[in-house]
Structures are given as structure tokens and as C-alpha cells.
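Visitor: Can you look at this prediction? I've put the sequence above it.
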Amino acid sequence: MRQTDRRHLVFLAVSLNLICWTAVYSQNNRSAVSVTGSDMATCTIPDPCRTFDTAISKTNSGGEIVVLSSGGYGPFNVTKSVAIISPGGIHAALAPTTGAAVTINGAGIDVILRNLWINSLGASDGIKVLNAHQVNVENCTIARFSNGINFIPNADCGLSVLDSFVRLNTTYGIYLSSGPGSVSRVTVDRTRLENNNEGILVNPGSSGVVDSMIRESVINSGGYGIDVLETETSHTNVESCAVVHNTGFALFGGGDATRVIRVSQSYIANNAVGVFSRTGDDLQSFGNNRLIGNGDDGAFTSTIPLK
């Protein structure tokens, strides 16, 4: 091979490496979307994209996407660690007609969704979690789906719902499950679950566990409040909540102490039935609750001493 040919090959190899290096490292740590943006843009703050899907594709794992203007942005899929942030005063809306508004499906990823308005125009799920390490839903409104949050991970996973509204969902406000042999860790704080067919359903997968903490929240004006099914292992802790004005059971026990609802400092009133035990010691009180004024108050199955 001639020396000139070798030089051409070296030049070509270096050029290809530079192109590949640029493609890998040209992602943003902070991306942006705007209703006036373009998906042909770089997705930076000065040059925003139009959709979340494109912005996610141009953002480094662990980065963030900021919403710059009010409007509709369409459903999106998350397969990497990312924070989707709509600042206060901006109305970032998703109004899907089919499927899910937000689908999260990535092994080991951490996802933050903040200040989104998620409203169904025929879609089945507001936020659907198939796989992740941790999902944080903060100050979001999720309405008019079949399932507001459909949490069905296939491996160990955490879910945190904070300062949010989950309302008018025709099957479940929040559906909590776990993958086979895995553990789901759930916290619901300062959240209102209103006018859902069922506020929260706990249904662990085969040999799975759902451990949840629901605190300082309101579950009202639906069918059931919190329903724990007679499957696998779950520990549902209810602290400083109001479960009121439901047409069915406020708290529906899971069948025994391995599927228990533990309740402290909560107000359970004006429901058709206050607390209902399927069987065994599945509804445990710390002795500091208000259970009154229901069509049938029911009774806790045991009292846990305060320590």
C-alpha cells in the first residue's frame, strides 16, 4: 500500500472517531422544551425542542429537562435517568388519547416528574412504571384515566408521590404491585386521591412484596379508599390521613398479618363502611384514630401499643 493511501486511511479513521466522539458527547446535561421549539433543535435553553421524547434522546443520563412555556407536549417514554421539570407558573400538559401519558421502563433508572398536568382524553394510564430503580412524582395532577398511576415494575423499585392530585380515575387512582420475588417501596405524602373508583389498590405480584407509607393525605368521594388484596405480602402504613365520603369500604384488609394495614392518627368517617377485615389480624390500629360516623364503622382487628 502506498504511503498516500495509508495517510488517507489514517485520516478517515481519525475523522470517524471524531464523529463518533462528538455523537456520544454532544448530549446535554440540561435540555429544554417549548411550544415554539423544534425537534430539529439542539434542545438547549436557547434552542429548545418541541417534545419530551426528543429532549430525552438528547439528554445525558442523570440530566434534566426544563419546560420553558405553557402548552401541550404529548405523551413520552423514559428509558434513562432524567428529571422532567416544569417550573411554577408554567402549565405543562399531557392529554393522550390512547395508551399511557408517561411510560417509564429502564433498569436501574431514577426518574423525577415535577409539576405536570396529566389529563386523559381516552388513554388508559397516566403514569405507567414497568421498570426503574426510583420514580418520584412531585406536584403533579393526574386525572380521568383508567389508572392514574399504574405501578407494575418487574424488579425491585421505589415510588414516591408528593404534593399531588390523583382524581376522577375510573379504575384505580394508584395501583401498586411488584415483580415476581421483588420488593416495591412506596411513599404517598400530602396527596389528594379524589373521586376515583378505588383510591389505592395493593396487589403484590407472585412472591413479591409491597411496602407502602401513606401519610398526611386525603382519600375521598370514591368507591373504596385503600384496598389490600389477599395475595402475597404487603405492609400498608397509614399515618395522619383522612378517608372520608367513600361509597364502599374506607379500609379493606388483606386477610392476615402478612397483608396488614397499620393505621395511626387518621380520621375515617362518612363512608359506607369504615374498616373491613377479610379475615385474621389484617387491620391494626395504634389506638389513636377517629373511626366514627360511617354507615358501618367496622372494627380494627388489634391495637398496637405506642412505644
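Guide: Received, thanks.

Visitor: quick one: what helix or strand has Asp53 in it?
Guide: helix 52-57 (DSSP states H and E).

Visitor: Name the residues that touch that helix?
Guide: Contacts with helix 52-57, where a contact means C-beta atoms under 8 Å, 6 or more residues apart in numbering, come from 31-33, 39, 43, 48-49, 65, 73-74, 76-80, 82, 84. In this view, the C-beta of every residue, glycine as well, is placed from N, C-alpha and C.

Visitor: same deal with stretch 73-80?
Guide: Under C-beta under 8 Å, 6+ apart, the answer for stretch 73-80 is 33, 35, 50-53, 56, 59, 61, 67, 84, 92-94, 96, 99-106, 109, 111, 123.

Visitor: after the helix holding Asp53, next one along is what?
Guide: Heading C-terminal from helix 52-57, the first helix or strand you meet, by DSSP H and E, is strand 59-67.

Visitor: And that next one, what's buried?
Guide: Applying a neighbour-count criterion of 16 or more other C-beta atoms under 10 Å, one finds Thr59, Asn60, Gly63, Glu64, Ile65, Val66, Val67 buried in strand 59-67.

Visitor: With stretch 99-118 instead?
Guide: By neighbour count with 16+ other C-beta under 10 Å, stretch 99-118 contains the buried residues 100-104, 106, 109-118.

Visitor: Can you add pLDDT and distance to Asp156 and give the buried residues of strand 59-67 back as TSV?
Guide: TSV is the format used below for the buried residues of strand 59-67 (pLDDT from 0 to 100; distance: C-beta to C-beta, whole Å):
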residue	pLDDT	distance to Asp156
Thr59	98	25
Asn60	98	25
Gly63	98	24
Glu64	98	25
Ile65	98	26
Val66	98	30
Val67	98	31
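
Visitor: Closest one of those residues to Thr170?
Guide: Taking C-beta to C-beta as the measure, Thr170 lies nearest Val67 of these, at 28.1 Å.

Visitor: Correct me if wrong: the closest one contacts Ala93.
Guide: No: under the criterion of C-beta atoms under 8 Å, Val67 is not in contact with Ala93, lying 10.0 Å apart.

Visitor: Identify the residues contacting Pro96.
Guide: Pro96 makes contacts with Gly74, Pro75, Ser120, Leu121, Gly122, Ala123, as judged by C-beta under 8 Å, 6+ apart.

Visitor: For it, give me phi and psi.
Guide: The phi and psi values for Pro96, taken as degrees, to the nearest 10, are phi -70, psi 150.

Visitor: how close does it get to Leu113?
Guide: According to C-beta to C-beta, to the nearest Å, Pro96 and Leu113 sit 15 Å apart.

Visitor: Repeat that for Ile56.
Guide: Applying C-beta to C-beta, the value for Ile56 to Leu113 is 12 Å.

Visitor: What count of nearby residues applies to the residue nearest to Gly106 when sequence neighbours are not counted?
Guide: Spatially, and ignoring its direct neighbours in sequence, Gly106 is nearest to Thr79 (4.2 Å; C-beta to C-beta, 6 or more residues apart in numbering). By other C-beta atoms under 10 Å, the residues close to Thr79 number 17.

Visitor: Over to Ser38?
Guide: Using other C-beta under 10 Å, Ser38 is surrounded by 14 other residues.

Visitor: what do you get for the one 5 residues further on?
Guide: Around Cys43 there are 27 other residues, counting by other C-beta under 10 Å.

Visitor: related to what we said a few turns ago, ok, so of the buried residues of strand 59-67, who is nearest Asn237?
Guide: Of all the buried residues of strand 59-67, Asn237 sits closest to Glu64, with 31.5 Å by C-beta to C-beta.

Visitor: Quick check, that closest one in contact with Asn28.
Guide: No: the criterion here is C-beta under 8 Å, and Glu64 misses it with Asn28 at 9.0 Å.

Visitor: and Val238, what is it in contact with?
Guide: Counted by C-beta under 8 Å, 6+ apart, Val238 has contacts Ile214, Arg215, Ile226, Leu251, Ile261, Arg262, Val263, Ser264, Ser266.

Visitor: what are the ranges of the strands in the stretch 201-307 of the chain?
Guide: All strands of the stretch 201-307 of the chain, identified by DSSP state E, counting those that start in this stretch, fall at 209-215, 218-220, 224-228, 233-239, 242-244, 249-252, 259-264, 267-269, 273-276, 283-285, 290-292, 302-303.

Visitor: I'd like the ones you listed written out as CSV, with mean pLDDT added.
Guide: Shown next, in CSV, are the strands of the stretch 201-307 of the chain (pLDDT from 0 to 100):
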stretch, mean pLDDT
strand 209-215, 98
strand 218-220, 98
strand 224-228, 98
strand 233-239, 98
strand 242-244, 98
strand 249-252, 98
strand 259-264, 98
strand 267-269, 98
strand 273-276, 98
strand 283-285, 98
strand 290-292, 98
strand 302-303, 98
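
Visitor: Fine, thanks again, bye for now.
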